[in-house]
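Colleague: Sequence and predicted structure are below.
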Amino acid sequence: MTDWTAGYVADIGYIFGAYSELNPLRVRLAFLHAGLALPESGVACELGFGQGMNINIHAAATFTEWHGTDFNPTQVGFAQDLAKVSGSKAKLHDESFEEFCKREDLPDFDFIALHGIWTWISNDNRGIIVDFVRRKLKVGGVLYVSYNTMQGWANMIPVRELMNGHSSVMAAPGKSMLPRVGESLDFIDRLFSTDPAYLKVNPSVKARVDSVKKMSRNYVAHEYFGRDWSPMSFSEMARWLAPAKLSFACSAHYPDQIDKINFTEEQLVLLKEIDDVHFAQTVRDFMLNQPFRRDYWVRGARTLRSSQRQELLMAQNVMLTVPLDKVQYKLRTVLGDVQLQESVYKPIIDFLSDYQSRTIGQIAEVCTAGDITNGQLIQAIFLLVAMEYVQAVQAPDFIVQAKPQTDKLNRYICQIAMDSYDISHLASPATGGAIHVPRFNQLFLLSRANGAQRPEQWAAFANGVLTRAGSRLVLKGTPVESEEEQLGELNRVAKEFAQRDMPILSALGVIF
């Protein structure tokens, strides 16, 4: 019998995550900061889309034409349902990489994305993907790829082998994956209790395993228990992508683009002595003990003239997307907390505090009138986006056109929240991507859409959902004892949601 899973975990579904790096709009600001010519974003592809949250949110919230595949038919069925609901016309398949990449009806792509795939597939599948990118990515097109890096994972590779080995040889025949994951983690605990020499030499491994034990078992199964798992260095990744004529553009993780918050002066001096881009990135990962890279690669990188870059930056729309009381003027980095200069950052936040879209040029007109230079302004906005306080947004006419699709998708996701905690993101036609909205806030939105106008009505609706399911709110790790206490807490949360979150979600176009 053919193994259609290709060694990947298939008997349990993947998590319902959403990742901003796959949003083509995010590519735009990353490229502008790096001084690179902007790619087109008309046609995109995601390989291995999991439950399909990313591809459906981005297809509904923008007018990019999305294509994609995932090998798991259960996940694809759910993803196709989301596409039908929103009306985005995303073309989603349940084919292997080999089958999908041979299709003759696919267009050429401006953007191809692989999130959480590269490390967990075989060399044969990597070769298939590289050939696909070589043939189907347009000149000027962008590849997004994320993967585990050797530097940050080196001491966990043997532990992963032990967990996988235990699952393979010591689990009872026929036992499903989730209990095998738990038993493997229990075995690692027993092993560590014997005080092995490996743990003495690699003491940080204990903390890593402890963090794994707190993660979703579904996530751990997919992350650690597949047949193939190969963290690699940046230099090795560059060698893999060379046949596709790709060059490294920039990190998709915005903080990684700002050297002075990541490296000491001594490290920066050493990095400046390295002319080879690929080797320099590998050395950076060693300095940072980087566990996970999120990178944009481009087929034909072109540098913008300074005047072009300035013009495009000034035309970019941005919006504050968090409550003001969540804004802190410090950034946590590998070097510790970096205190941001409030005289630069606070005027920007104050100007955006009405949660309306502004161009960077409009911000500059107000904020550079004082002592803030244009360079300080650009870096500040980039860091505020990196901290997820501010997000790039689409032009107003795009938002209006996308909203009917996101409204239908968001309502459907909120209906799922009647029965599940699984999905915690909704689609924003403003950002073109996902916005974190927890389950109870989704239930409040659904109640509102059904006609309830007051927070206490939303709370009563959410309480009814819990009561019918025979479940209770959990506060500080303990279920509440009475329905009265539960309703009181839901009333508090609903009122806070109405005051703090609703204005932002309204500005983002998330409310349906």
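Modeller: Noted; the coordinates are in hand. Numbers count the residues shown, from 1 in each chain.

Colleague: got any ranges where this protein has weak pLDDT?
Modeller: In the predicted model, the chain carries pLDDT under 70 at residues 1-14, 174, 370.

Colleague: Apply 80 and report the result again.
Modeller: 1-15, 171-175, 222-223, 226-227, 368-371 (pLDDT under 80).

Colleague: Which strand runs longest in it?
Modeller: Looking across the chain with DSSP state E, the single longest strand is strand 137-148.

Colleague: chain center to that strand, what's the gap?
Modeller: 16 Å (CA atoms, centre = their mean, to the nearest Å).

Colleague: what's the helix or strand that it is followed by in contact with?
Modeller: Where DSSP states H and E defines the elements, the next helix or strand beyond strand 137-148 is helix 150-153. For helix 150-153, contacts defined as CB atoms under 8 Å, 6 or more residues apart in numbering pick out P231, M232, S233, E236, D285, F286, L288, N289, Q290, P291, F292. For glycine as for every other residue, the C-beta is placed from the backbone atoms N, C-alpha and C.

Colleague: mind listing what's buried in the helix or strand encompassing L443?
Modeller: In the assignment (DSSP H and E), L443 maps to helix 439-449. Using 16 or more other CB atoms under 10 Å as the test for burial, helix 439-449 gives R439, F440, N441, Q442, L443, F444, L445, L446, S447, R448.

Colleague: next helix or strand past it?
Modeller: On the C-terminal side of helix 439-449, the nearest following helix or strand under DSSP H and E is helix 455-469.

Colleague: can I see the domain layout of the protein?
Modeller: Using automatic domain parsing, the domain parsing of the chain gives 20-149+232-258+287-298, 152-224, 316-393, 417-507.

Colleague: where do the strands sit along the stretch 201-350 of the chain?
Modeller: 247-251, 292-298, 317-320, 330-333, 336-339 (DSSP state E, counting those that start in this stretch).

Colleague: the longest helix in the chain is where?
Modeller: For the chain, the longest helix by residue count, based on DSSP state H, is helix 396-416.

Colleague: and for that helix, what are the contacting residues?
Modeller: Contacts of helix 396-416 (CB under 8 Å, 6+ apart): 56-57, 60-63, 82, 85-88, 357, 393-394, 422-423, 425-430, 432, 442-443, 445-446, 449, 509-510, 512.

Colleague: List only those of the residues you listed flagged as buried.
Modeller: Buried among the contacts of helix 396-416 by 16+ other CB under 10 Å: 56-57, 60-62, 82, 85-86, 88, 357, 393-394, 422-423, 425-430, 432, 442-443, 445-446, 509-510, 512.

Colleague: thinking D285 is in contact with M232, fair?
Modeller: No - taking contacts as CB atoms under 8 Å, D285 lies outside contact range of M232: 10.4 Å.

Colleague: where do the contact lists of those two overlap?
Modeller: Counting by CB under 8 Å, 6+ apart, the shared contacts of D285 and M232 are T149, M150.

Colleague: rewinding a little: show me what the very next helix or strand once past the longest helix of the chain is packed up against.
Modeller: The first helix or strand that comes after helix 396-416 along the chain, using DSSP H and E, is strand 425-428. The contact analysis (3 or more CB pairs under 8 Å, 6 or more residues apart in numbering; DSSP states H and E) places strand 425-428 against helix 53-61, helix 396-416, strand 433-436.

Colleague: Okay, E489 and K214: tell me how far apart.
Modeller: Noted for E489: a distance of 24 Å to K214, by CB to CB, to the nearest Å.

Colleague: ok, those two, which is more surrounded?
Modeller: Neighbours were counted for E489 and for K214 using other CB atoms under 10 Å; E489 has more, 16 against 7.

Colleague: give me the element that one is part of.
Modeller: Per DSSP H and E: helix 483-496 holds E489.

Colleague: picking up where we left off before, name the residues of the longest strand of the chain that are buried.
Modeller: Buried, per 16+ other CB under 10 Å, within strand 137-148: L137, K138, G141, V142, L143, Y144, V145, S146, Y147, N148.

Colleague: Parallel or antiparallel, which strands does it pair with?
Modeller: strand 109-114 (parallel), strand 292-298 (antiparallel) (DSSP bridges).

Colleague: which residues are contacting it?
Modeller: 21-22, 27, 37, 39-40, 108-119, 133, 229, 231-232, 237, 241, 244, 246, 249, 252, 291-300, 302.

Colleague: same thing but at 6 Å, please
Modeller: Outside strand 137-148, the residues that touch it by CB atoms under 6 Å, 6 or more residues apart in numbering are 21, 27, 39, 108-115, 118-119, 133, 231, 246, 252, 292-294, 296-300.

Colleague: Report the inter-axis angle for that strand versus strand 247-251.
Modeller: Angle of strand 137-148 versus strand 247-251, following axes from the mean of the first three to the mean of the last three CA atoms, to 10 degrees, is 60 degrees.

Colleague: Would you check that Y219 makes contact with G17?
Modeller: No - with contact defined as CB atoms under 6 Å, Y219 does not count as touching G17 (8.5 Å).

Colleague: list residues touching both of these two?
Modeller: Shared contacts of Y219 and G17, defined by CB under 6 Å, 6+ apart, are absent.

Colleague: nearest residue to D108 other than its sequence neighbours?
Modeller: K138 (5.0 Å; CB to CB, 6 or more residues apart in numbering).

Colleague: likewise S420?
Modeller: Closest residue in space to S420, ignoring its immediate chain neighbours: R439 at 7.8 Å, by CB to CB, 6+ apart.

Colleague: wait, that neighbour sits on M418?
Modeller: No - the criterion here is CB under 6 Å, and R439 misses it with M418 at 9.5 Å.

Colleague: and T149, what are its bridge partners?
Modeller: Beta-bridge partners recorded for T149 (DSSP bridges): M232.

Colleague: ok, it - contacts?
Modeller: Each residue near T149 by CB under 6 Å, 6+ apart is listed here: P231, D285, Q290, R293.

Colleague: In contact with the first one, which residues?
Modeller: Which is P231. Contacts for P231 (CB under 6 Å, 6+ apart) come out as T119, N148, T149, M150, W153.

Colleague: Can you point out the helix or strand that includes the residue nearest to I511 when sequence neighbours are not counted?
Modeller: Residue nearest to I511 in three dimensions, not counting chain neighbours: L505, with 5.2 Å by CB to CB, 6+ apart. Assigned by DSSP H and E, L505 belongs to helix 502-507.

Colleague: Contacts for that helix next, please.
Modeller: Contacts of helix 502-507 (CB under 6 Å, 6+ apart): Y355, I511.

Colleague: Report the distance from it to the chain centre.
Modeller: 22 Å.

Colleague: Give me the buried positions along it.
Modeller: Buried positions in helix 502-507, judged by neighbour count with 16+ other CB under 10 Å: M502, I504, L505, A507.

Colleague: would JSON lines of those residues with distance to R103 be doable?
Modeller: Listed next are the buried residues of helix 502-507 as JSON lines, based on distance: CB to CB, whole Å:
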{"residue": "M502", "distance to R103": "44"}
{"residue": "I504", "distance to R103": "41"}
{"residue": "L505", "distance to R103": "38"}
{"residue": "A507", "distance to R103": "40"}
